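**Q** could you look at this predicted model? Sequence included:
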Protein chains: 2
Amino acid sequence: MHISRATDFENPTTPISSAFIRGNRSKTFQTRKLKAAQTLFREGDAARHIYEVTSGVVRVAKVLEDGRRQVIAFGYPGDIIGFPQDGLYHTECDAISSTEVVAHNIRDLESGEHNPELHQRLVMAALKEIGAMQDHFMMLGRKSASEKTASFLALLMERTGKPVGTYTHFEFPMTRADIADFLGLTVETVSRTITKFRNSKMIVLESSKSVIVLDQDALCNMAA
Amino acid sequence: MHISRATDFENPTTPISSAFIRGNRSKTFQTRKLKAAQTLFREGDAARHIYEVTSGVVRVAKVLEDGRRQVIAFGYPGDIIGFPQDGLYHTECDAISSTEVVAHNIRDLESGEHNPELHQRLVMAALKEIGAMQDHFMMLGRKSASEKTASFLALLMERTGKPVGTYTHFEFPMTRADIADFLGLTVETVSRTITKFRNSKMIVLESSKSVIVLDQDALCNMAA
DNA sequence: CGTAGTTTTGAGTGCGTTCAAGAGATGTGG
DNA sequence: CCACATCTCTTGAACGCACTCAAAACTACG
């Protein structure tokens, strides 16, 4: 499960392009493209940028020496990721699918002197992150496997679901292992739980990564 | 376990005192005193202040409708608590022991216009909070009961431990139930695990709330 | 001194894990 | 384009860790 990866370390060996942003004073910002499975940053790297996902999905995680992994968050377009502490990243971040991010300078997170609007936006993002993590806590610490899995499906449905008749359709860009590491479960338990939801007609799988939710109420109730 | 509590809701029925802070321009700030088990704020309350603990200990938690509880953090002196989202608190906060807090205006978290130094300090505190929560995640999702309990003891030892000869002494201000809800375990499991640590001569209990750590290395190794 | 809450300990159970294997998907080189 | 290797997902069987239920020991408080 994610053993050796092509040695693509921190620094911009990956393409960086500059572009102009419209506004009072035109400012430049950097975008960066990542292929699936490429690393954006690792735990312990010096934090020079804070990133805004503009397309694709990234995974933010922590890994123990013995390989145990905890996924902290999945970053979808609009999400800000890479909050540093003491100038370092304390998580690692990899692209799950082909991804594009905007790299903001870390100084705009720390002070509003240079770009007040961006600073404000980043501070708000930090508060939103704290709120999201608080919910995630409840799930990790106090919910059963079924409740965890249902919560996760409900979350993805809300964020990325598209109506299909009276039903709702969405996709998993991440693997079962990623979901398991997000929920604090094993791959097998995640798979079994999804099968259970399938058998109870709550959802249908078009493929292992494509879901149609048949009964939203049942799903939300199950999320507890 | 924390059923009905004296009806002491949000607003300052509890004493608020004003004081002067030394600095270029003298500014006023509010301190607030809480007795053990008093509530500072509840989930859903309008967030007007962000608090800095100056003495005592508070508990920040989330509660599910069915009563399941997850403790997000314990606030010790120096800690900032009450990060809001969309103008509301999404957690509840109660004093564990007799506690004193300083109430900062929420606007100083959101912008630096009024008080730049304080704003900077609060933003840093938010980043520190995110970092602490990331570590807590790993513990909640991927560690065994022994590892969780050892991590918790190690954490408290680092923050509040005082050397006693070659050993280290500290106290639990919180109950076993609070610890259990912080670690995502039951009271019984926490109690049994601490007993196990006692039997293996890693720690000694002076009382159920007073610990001496005999073997710091063993404790830290156990924390994984 | 009695009552209520906290902590500990015991016995038994069940949920999610581990270990194992097969089916399905994806990608690469000949 | 197919054959082969690799990774992902699913399913089965058995185990064990932490949970539930129960009760006793200890502590604090009016």
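**A** Received, thanks.
**Q** count of neighbours near residue A:218?
**A** 16 (other C-beta atoms under 10 Å in any protein chain shown). For every residue, glycine as well, the C-beta is placed using N, CA and C.
**Q** repeat for residue A:192
**A** Counted with other C-beta under 10 Å, the neighbours of residue A:192 add up to 15.
**Q** can you check residue A:115 too?
**A** 18.
**Q** got it, and the one 5 residues further on?
**A** Taking other C-beta under 10 Å as the neighbour definition, residue A:120 ends up with a count of 15.
**Q** isn't there a strand covering it?
**A** No - in this structure, residue A:120 is helix, not part of a strand, as judged by DSSP: H, G, I helix; E, B strand; the rest coil.
**Q** what residues does it make contact with?
**A** Neighbouring residues of residue A:120 by C-beta atoms under 8 Å, 6 or more residues apart in numbering or on different chains: A:112, B:110, B:111.
**Q** try it again with 10 Å
**A** A:108, A:112, B:110, B:111, B:112 (C-beta atoms under 10 Å, 6 or more residues apart in numbering or on different chains).
**Q** gap between it and residue A:126?
**A** Per C-beta to C-beta, to the nearest Å, residue A:120 is found 11 Å from residue A:126.
**Q** and if you look at residue A:46?
**A** For residue A:46 relative to residue A:126 (C-beta to C-beta), the value is 19 Å.
**Q** swap in residue A:209?
**A** 31 Å.
**Q** looking at these two, which one has more neighbours?
**A** residue A:126 (21 against 13).
**Q** next, that one: secondary structure please.
**A** helix.
**Q** mind listing what it touches?
**A** Contacts of residue A:126 (C-beta under 10 Å, 6+ apart): A:50, A:80, A:83, A:109, B:83, B:109, B:123, B:126, B:127, B:129, B:130.
**Q** look up phi and psi at the closest residue to residue A:58 other than its chain neighbours.
**A** Once flanking residues are discounted, residue A:58 sits nearest to residue A:75: 4.1 Å by C-beta to C-beta, 6 or more residues apart in numbering or on different chains. With angles defined as degrees, to the nearest 10, residue A:75 sits at phi -100, psi 110.
**Q** find me the pLDDT at residue A:75, would you?
**A** Note on residue A:75: pLDDT of 98.
**Q** was I right to think it contacts residue A:34?
**A** No - with contact defined as C-beta atoms under 10 Å, residue A:75 does not reach residue A:34; the gap is 11.3 Å.
**Q** need the overlap of contacts for these two.
**A** Shared contacts of residue A:75 and residue A:34 (C-beta under 10 Å, 6+ apart): A:40, A:56, A:58, A:93, A:95, A:96, A:99, A:101.
**Q** residues near the closest residue to the fourth one other than its chain neighbours, how many?
**A** Closest residue to residue A:93 apart from its sequence neighbours, by C-beta to C-beta, 6+ apart: residue A:40 at 4.2 Å. The number of residues packed around residue A:40, counting by other C-beta under 10 Å, is 27.
**Q** for chain B, see how far away the nearest residue to residue A:42 once chain neighbours are set aside is.
**A** Leaving aside its sequence neighbours, residue A:42 sits nearest to residue A:92 (C-beta to C-beta, 6+ apart; 4.7 Å). Here residue A:92 is placed at a distance of 11 Å from chain B (C-beta to the nearest C-beta, to the nearest Å).
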